[in-house]
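Trainee: show me the folded form of this:
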Amino acid sequence: MALHDDLLEQAWHLAKRERRRPRQASLRRAISDAYYALFHLLVADAARLLAPAQPAGMKNVVGRAFDHGQMRTVCAGFLQGSAGQHGNKSIPSPTRALLTFPFDPALVRVLAAFVRLQATRHLADYDLAEKWTRLEAEYHVLFARSAFADWERFRTTPNATVFLTALLLQRHWAR
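Mentor: Numbers count the residues shown, from 1 in each chain. Sure thing, here's the model as predicted:
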């Protein structure tokens, strides 16, 4: 199994772990792992797209170049520009020129899931005043699982190729 699949499975396990009174640590890790599962799914597909098979290990090196903040910026920009308005500056023009509008609803759901799961992960990891319920943790894991299914339907399209490449390189295209 790939890391992203393992993380999603682990997130579900943690959300269900304690039957009666779930520990905050388990629920927080479930939410965090749900985000990391989606992050690693997108990074794995992007590295597969961008890195040659040889030399061995190149995909891992490329995968390490992805930045959470930059990926969130790209996802948020794509979300804002998903209707394809010509005056919309949320997607830089070099990227926008490569895309077909309007976006497939599956992509829009993946974008929204990434942005939302990342924000929720920050709360789960860093805001100790926030208390989580099992239902909330399960919801976030299922939200990530749904994003996986949406990505599976969308991943072989030309817009998916542009999106995956933009996750790593878009900030350099506007130079």
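Trainee: now do the strands in this structure.
Mentor: For the chain, strands defined by DSSP state E do not occur.
Trainee: where does pLDDT dip in it?
Mentor: Applying pLDDT under 70 to the chain picks out residues 84-88, 174-175.
Trainee: report the distance from stretch 70-90 to the chain centre.
Mentor: In terms of CA atoms, centre = their mean, to the nearest Å, the centre of stretch 70-90 is set 15 Å apart from its chain centre.
Trainee: for it, buried residues please.
Mentor: 70-79, 81-82 (16 or more other CB atoms under 10 Å). From N, CA and C alone the C-beta is placed, and that goes for glycine too.
Trainee: output it as CSV, nothing but the C-alphas.
Mentor: Output of stretch 70-90 as CSV, limited to C-alpha atoms (Å, rounded to 0.1, in the frame of the first residue of the first chain):
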residue,chain,number,x,y,z
GLN,A,70,2.5,26.9,-1.6
MET,A,71,0.1,23.9,-2.3
ARG,A,72,-2.6,25.7,-0.2
THR,A,73,-2.0,28.9,-2.2
VAL,A,74,-2.4,27.1,-5.5
CYS,A,75,-5.5,25.2,-4.3
ALA,A,76,-7.1,28.4,-3.0
GLY,A,77,-6.3,30.2,-6.2
PHE,A,78,-7.7,27.5,-8.3
LEU,A,79,-10.9,27.4,-6.1
GLN,A,80,-11.4,31.2,-6.6
GLY,A,81,-10.8,30.9,-10.3
SER,A,82,-12.7,27.7,-10.9
ALA,A,83,-15.5,29.5,-12.8
GLY,A,84,-12.9,30.7,-15.3
GLN,A,85,-13.6,34.4,-15.3
HIS,A,86,-11.2,36.2,-17.6
GLY,A,87,-10.6,39.1,-15.2
ASN,A,88,-9.9,36.7,-12.2
LYS,A,89,-6.3,37.1,-11.1
SER,A,90,-6.4,34.2,-8.5
